[in-house]
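Student: everything below, folded, please.
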Amino acid sequence: MSQIELKNVTVELDGKLLLENVSLLINDGEYVGLLGPTGSGPSYILQVISGLLKVTSGQILIDEIDVTLSPPEDRHVGFIFEQFNLFPHLNVLGNLLFGPRMRREDLEIKTKVAREIISLVRLDGREDAYPKELSGGMQQRVGIARAVTAGAKIMLLDQPYRALDAKIREEMRFEIREIVKDLRLTAVHATHETEEAMIISDRIAIFNEGKIEQIGTPEDVFINPSNLFVATFLAESNIWEAEGANEKVSIGNLSFDLEEESTGKGKVVIRHQTCNLFIDEPEGPNVFSVKVLKIRILGEFIRFTVKVKDNIEVVCREMLNMKWKNPDQFIDQQLFLQIDPSEIKFYKQI
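Tutor: Predicted coordinates for the structure are as follows:
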C-alpha cells in the first residue's frame, strides 16, 4: 500500500488552466473516488499522479517521497483505462509477464507471482485464455493483475467501466473494489457518474473547474453538500430563487419550514427523491395540496411534475410500486406533497 499527497498542484496546458491549487491526501489502502463533470479535473489528477502530465507548480508525494519530477516508470503506479489495452496476441499469463520479460527479470520467480495474482483476481484456470476469449469484466481484472505483477502499489482507474454493458458494469463496481482491497492497493478512481462514485469510494472528492469543491465520505457529501454546485451535481434537484428568515424560506407566497436558520436572499435546493407524495393528507410540517401535471416512468421510478400554489412546479421521484399502479390515472388529480425540513437546503447569495 502507498500514501499519495498532492500539495497545491496547478496545471496549465496551452494557456488553459486544468487544475488550480489542488491539495489532496490519499491514505494507505484507501479507495478514493474523483467525481465531476467532463474536463473538471478527475482525469487530470490521475495523469499527474502517474507522471503522464507535468505540473506547472506544486508537489506530488508518494510515501512522503517527492516524485514531482520522477518519470512514470519510477512511481509504481498501474493505470486502468476505459479500453482494456491488453496484448491480443498474448494469453493471460503472457500479458502479466510482458513487463518483467522486457525488464529481464527472473521469469521463474515472476511466473510464480503472476499465478498467485491470477488467483487473487479470480481468474483461476484462465491463464492460457486470450483476451478475445474473455468477457469485458475479466479483461479489466487482467489489467489489474498485470499492473500488480509489474510492481504497482497504486491503482489509477479512469472511467474503467464505461465500455461495459449496464449489468456487467454494476457487478464490476463491487468486484474490482473487493479485488483492490484484497490486494492491499491504494486506488484512485475517476468517474463522471455519481452512483458509481458512491458505491466504490471510501471518500469522494468532488471537482468543478479544476478545483475540489468538497471531499468526504459518500454519505457525508450526499447528505451535507457544502455548496450549491455539490448539492445539484450529486442528485437531480428543484432549484428556486428564495428568501430566508429565521427557520423559514419563501419562494413567492410559498413558505417552507427549515431545520436551520436562514437569512437573506439565496437559492433553495430540494432533491427530487425527497419530495414525497401522498394520496391522503399526512401530518407534519411542509404539507401542500398539489395538482399532478405530468408523469414519466423512468425504469423503477416515476417522475411526477406537480403544481403548488402560485403555479410553482415541483418535480418528485417515487418508486414504481402498487401505491402508484397505473400512474396516468393521477394526472390532473389532487395529491399531497410533504418535504422534511432537514431535506431543504438554503444557500445564501454571496
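
Student: for residue 211, grab the count of nearby residues.
Tutor: Using other CB atoms under 10 Å, residue 211 is surrounded by 15 other residues. In this view, the C-beta of every residue, glycine as well, is placed from N, C-alpha and C.

Student: distance check, residue 240 against residue 344.
Tutor: Per CB to CB, to the nearest Å, residue 240 is found 11 Å from residue 344.

Student: pull up the overlap in contacts between those two.
Tutor: By CB atoms under 8 Å, 6 or more residues apart in numbering, residue 240 and residue 344 have these common neighbours: residue 268.

Student: and the two? Which one has more around it.
Tutor: For the pair residue 240 and residue 344, the greater number of neighbours falls to residue 344 (22 against 18), based on other CB under 10 Å.

Student: so who does the more buried one touch?
Tutor: 249, 256, 258-259, 268-270, 286.

Student: same check, this time on residue 188
Tutor: By CB under 8 Å, 6+ apart, the contact set of residue 188 is 4, 26, 32, 34, 45-46, 49, 154-157.

Student: that one should be in a helix, yeah?
Tutor: No. With DSSP: H, G, I helix; E, B strand; the rest coil as the criterion, residue 188 is assigned strand and is not in a helix.

Student: pretty sure residue 295 contacts residue 332?
Tutor: No. Using CB atoms under 8 Å, residue 295 is not in contact with residue 332; the gap is 10.5 Å.

Student: show me which of the two is the more surrounded one.
Tutor: Neighbours were counted for residue 295 and for residue 332 using other CB under 10 Å; residue 295 has more, 17 against 8.

Student: apart from its chain neighbours, what residue comes closest to the more buried one?
Tutor: With sequence-adjacent residues excluded and distances taken as CB to CB, 6 or more residues apart in numbering, residue 295 is closest to residue 327, at 4.9 Å.

Student: then residue 114?
Tutor: Spatially, and ignoring its direct neighbours in sequence, residue 114 is nearest to residue 96 (4.2 Å; CB to CB, 6+ apart).

Student: alpha carbons only: can I get the strand or helix carrying that neighbour in PDB?
Tutor: Assigned by DSSP states H and E, residue 96 falls within helix 92-102. Listed next in PDB are the C-alpha coordinates belonging to helix 92-102 (Å, rounded to 0.1, in the frame of the first residue of the first chain):
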ATOM      1  CA  VAL A  92      -3.500 -14.000 -19.700                       C
ATOM      2  CA  LEU A  93      -0.100 -15.200 -18.300                       C
ATOM      3  CA  GLY A  94       1.800 -13.700 -21.200                       C
ATOM      4  CA  ASN A  95       0.200 -10.300 -20.700                       C
ATOM      5  CA  LEU A  96       1.200 -10.500 -17.000                       C
ATOM      6  CA  LEU A  97       4.800 -11.400 -17.800                       C
ATOM      7  CA  PHE A  98       5.300  -9.000 -20.700                       C
ATOM      8  CA  GLY A  99       6.700  -6.200 -18.400                       C
ATOM      9  CA  PRO A 100       9.000  -8.500 -16.400                       C
ATOM     10  CA  ARG A 101      10.300 -10.100 -19.600                       C
ATOM     11  CA  MET A 102      11.100  -6.600 -21.100                       C
END
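
Student: how about the strands in the stretch 1-150 of the chain?
Tutor: Under the criterion DSSP state E, counting those that start in this stretch, the stretch 1-150 of the chain contains strands at 4-13, 16-26, 31-35, 57-62, 65-66, 77-80.

Student: of the ones you listed, which stretch is the most buried?
Tutor: Most buried of those, by mean neighbour count (mean count of other CB atoms under 10 Å): strand 31-35, with a mean of 25.

Student: which elements pack onto that strand?
Tutor: helix 42-50, helix 166-182, strand 186-191, helix 194-200, strand 203-208 (3 or more CB pairs under 8 Å, 6 or more residues apart in numbering; DSSP states H and E).

Student: of these, which is nearest residue 92?
Tutor: Minimum separation from residue 92 across these (CB to CB) falls at helix 166-182, 14.9 Å.

Student: list the buried residues for the closest one?
Tutor: 168-169, 172-173, 175-177, 179-180 (16 or more other CB atoms under 10 Å).

Student: can you pull the contacts of the residue nearest the centre of the chain?
Tutor: Closest to where the C-alpha atoms of the chain average out (CA atoms, centre = their mean) is residue 197, at 2.4 Å. Contact analysis of residue 197 by CB under 8 Å, 6+ apart lists 33-35, 189, 191, 204, 218.

Student: same thing with residue 273?
Tutor: Going by CB under 8 Å, 6+ apart, residue 273 touches 235, 317.

Student: tell me if it really is in a helix.
Tutor: Yes. Membership of residue 273 in a helix is supported by three-state DSSP.
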